[in-house]
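K.L.:
Test case, fold it:
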Amino acid sequence: MKKKVIVIGGGIAGLSAGVYAQRCGFDVTILETHNIAGGNCTSWKRRGYSFEGGMHWLAGSNKNEQLNKSWRHIGALDDNVQVHYYEPFFEYNYEGTPIRMYRDVERTEKHLIALSPEDEAEIKTLTGNIRKVKNLAMPVTDIHGVKTTKKSRPSLSLIGSGISALSLMNSFSKISKEDYIKRFKHEGIRDLLRSCISEKSGVLPLFFTMGSLARGDGGFPEGGSAPFVERIVKTFTGFGGEILYNTRADHVVIEDGKATGVVVGEKWMPADAVIVTADTMTVESLFKAPLKAPWLDEMRKATLPTMCVFISFGISANLSKYPHGSLVKLNSPIRLADEIYEFLNVNNYATDPTYSPEGKSALTVTLDGDTYDFWKKAKDENQYKEEKQKIADEVLAGLAEQMPEIKGNVEVIDVATPLTYERYCGNWKGSWMTEMTSKMKMKSYPADIPGLSGVYFAGQRMMPPGGFPPALLSGRAAVQYLCRDTGTLFISES
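P.N.:
The predicted model follows:
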């Protein structure tokens, strides 16, 4: 008889764990509180438009990436999925002059130097740093002691790139955002960098992101989150797995230090193992006794939430002449809670036919920053709807100054706050990643807790700073722990 596994949470980590476990011969049921799967990998429809709330670009989209095999293993990608590599990747119109960041690092270098010859030395340092991490792809490795059909090991070139990356991290980890930006003389380049660099995370994520793009990775699968998730679900159920939607796990049953099932309402669902993919920052409620492990204490102490407000518009106009990703400077700054926004980061889906009716366009603006307490207070004081409308109106006015076609053509407005993600995805403070500060270690946390048998953990918190690939690989790792403990052969990517 197959061993029964219950997976709590149907996001990317839960779906990943589900597919890997099912393919390894386990009988898997996923419990998902929402009426759809995907978690943070999500989008939603409003009056003929689709608004993207999760995917902006995908690590592992390129067939040459080791990670690509893992996405294909769980069914997220295949040869029939069209992947877009928008060029330029990002654009800022500075006083009528476009400033662009291309995927092609040589093209970026030439473009920026032509724009600002006086910054040539610093521009070459920037692009040189991008080249240093260009080949640093996310590795797919196996845990110690698991038997697999095929071993996954990092290549020698990847190890060499890792050494180069460590040197870069040591050089830039303590350089503040503003100190780095001051190295450039051109105000437009400063503006562009200011929008690409986080105050808390510093400049390193910019190097790593642009390095990934320069390698030919980081494409956008057509349709974004929704069809991406649908393909994984189809793979999971095709292997015999079951997903129970609108089903909230109340707690994991532990008897004599071993998981024996999950309680849902008044129903007990027996299991030989439980994989918890709910946000690791909030899983205590699933256990009657406190969870004790050094890695949990470390995670809770180090984790800072990355969140944003998604403001989306359905426009009855063709905006395909504008770039897919752009920066818009506001004539008047927008204030939201303690955050002040002088620029808007815009994602334009006009060229993807799955996001809007023909001749129309879907736009999404993201306002980064910890605004959770502001929205919680607005909700408690019955001002939530009004505050959402207010910020939408201010953002729309700023967009219309740069995109005149928008005026009078807005058909749909939609605002998703951190409370939205907390409600539908169960995220801690509605955050969708972990802030990568200089104190945060780039490491993977273990998937189990000593002394607690049959319980495994997965999710994007397990591999900071998080995102889709860590969710995928943490689900994979949890199943490897399960296979190791049960003496089961792990079915690797072909």
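K.L.:
other SSEs contacting the longest strand seen in the chain?
P.N.:
Scanning the chain for the longest strand, with DSSP state E as the assignment, gives strand 325-336. Counting contacts by 3 or more Cβ pairs under 8 Å, 6 or more residues apart in numbering; DSSP states H and E, strand 325-336 is packed against strand 90-94, helix 187-196, strand 339-348, helix 384-402. The way it works is simple: take the backbone N, C-alpha and C, and place the C-beta from them, glycine included.
K.L.:
how does it look with 6 Å?
P.N.:
Under the contact criterion of 3 or more Cβ pairs under 6 Å, 6 or more residues apart in numbering; DSSP states H and E, strand 325-336 touches strand 90-94, strand 339-348, helix 384-402.
K.L.:
what about Lys329, how many neighbours?
P.N.:
Look at Lys329: counted by other Cβ atoms under 10 Å, it has 18 neighbours.
K.L.:
so who does the closest residue to it other than its chain neighbours touch?
P.N.:
In this structure, Lys329 finds its nearest non-sequential neighbour in Phe343, 5.5 Å apart by Cβ to Cβ, 6 or more residues apart in numbering. Phe343 makes contact with Ser195, Leu327, Lys329, according to Cβ atoms under 6 Å, 6 or more residues apart in numbering.
K.L.:
How about Arg23?
P.N.:
Per Cβ under 6 Å, 6+ apart, neighbours of Arg23: Phe239, Ile491.
K.L.:
quick check: mean pLDDT across the one helix or strand Trp71 maps to?
P.N.:
Counting by DSSP states H and E, the element that carries Trp71 is helix 66-73. On average, the pLDDT along helix 66-73 is 97.
K.L.:
List the neighbouring strands of the helix or strand following it plus their orientation.
P.N.:
Moving toward the C-terminus from helix 66-73, the next helix or strand (DSSP H and E) is strand 83-84. According to DSSP bridges, strand 83-84 forms sheet pairs with strand 220-221 (antiparallel).
K.L.:
Looking at the strand it pairs with now, give me its mean pLDDT.
P.N.:
On average, the pLDDT along strand 220-221 is 96.
K.L.:
swap in stretch 424-440?
P.N.:
The model assigns stretch 424-440 a mean pLDDT of 85.
K.L.:
what does stretch 169-188 give?
P.N.:
Mean predicted confidence for stretch 169-188 is 91.
K.L.:
what are the ranges of the strands in the stretch 101-250 of the chain?
P.N.:
Listed in chain order, the strands of the stretch 101-250 of the chain (DSSP state E, counting those that start in this stretch) span 220-221, 242-244.
K.L.:
Throw these into JSON lines and include mean neighbour count and distance to Asn129, thanks.
P.N.:
Output for the strands of the stretch 101-250 of the chain, formatted as JSON lines (neighbours: other Cβ atoms under 10 Å; distance: least, Cβ to Cβ, whole Å):
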{"stretch": "strand 220-221", "mean neighbour count": "21", "distance to Asn129": "24"}
{"stretch": "strand 242-244", "mean neighbour count": "16", "distance to Asn129": "43"}
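K.L.:
circling back: give me the residues contacting the longest strand of the chain.
P.N.:
90-92, 195, 340-344, 346-347, 371, 391, 394, 398, 402.
K.L.:
Write the PyMOL selection for whichever of those are buried.
P.N.:
A single PyMOL command is used to select the members of those judged buried by 16 or more other Cβ atoms under 10 Å:
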select buried, resi 90+91+92+195+341+343+344+346+347+371+391+394+398+402
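K.L.:
before we move on, back to that, can you say which of the helices and strands packed on strand 325-336 is nearest to Gly487?
P.N.:
strand 339-348 (46.8 Å; Cβ to Cβ).
K.L.:
now the closest one and helix 187-196, what's the angle there?
P.N.:
With axes from the mean of the first three to the mean of the last three Cα atoms, to 10 degrees as the basis, strand 339-348 and helix 187-196 are set at 90 degrees to each other.
K.L.:
pLDDT weak spots in the stretch 351-494 of the chain?
P.N.:
The model of the stretch 351-494 of the chain has pLDDT under 70 over residues 438-442.
K.L.:
if you set the cut-off to 90 instead, what comes out?
P.N.:
Counting by pLDDT under 90, the stretch 351-494 of the chain has low-confidence residues at 432, 435-444, 465, 494.
K.L.:
Spatially nearest residue to Val328 (excluding sequence neighbours)?
P.N.:
Val328's closest residue in space is Leu344 (Cβ to Cβ, 6+ apart), at 4.3 Å.
K.L.:
returning to what we had before: go through the contacts of strand 325-336 and name the one nearest Leu473.
P.N.:
Checking the contacts of strand 325-336 against Leu473 with Cβ to Cβ, the nearest one is Asn347 at 25.4 Å.
K.L.:
returning to that earlier point: what's the helix holding Trp71 in contact with?
P.N.:
Here helix 66-73 makes contact (Cβ under 6 Å, 6+ apart) with Gly60, Leu77, Met138, Val140, Pro469, Leu472, Glu493.
K.L.:
ok, the fifth one - contacts?
P.N.:
What it means is Pro469. Ala59, Leu67, Met138.
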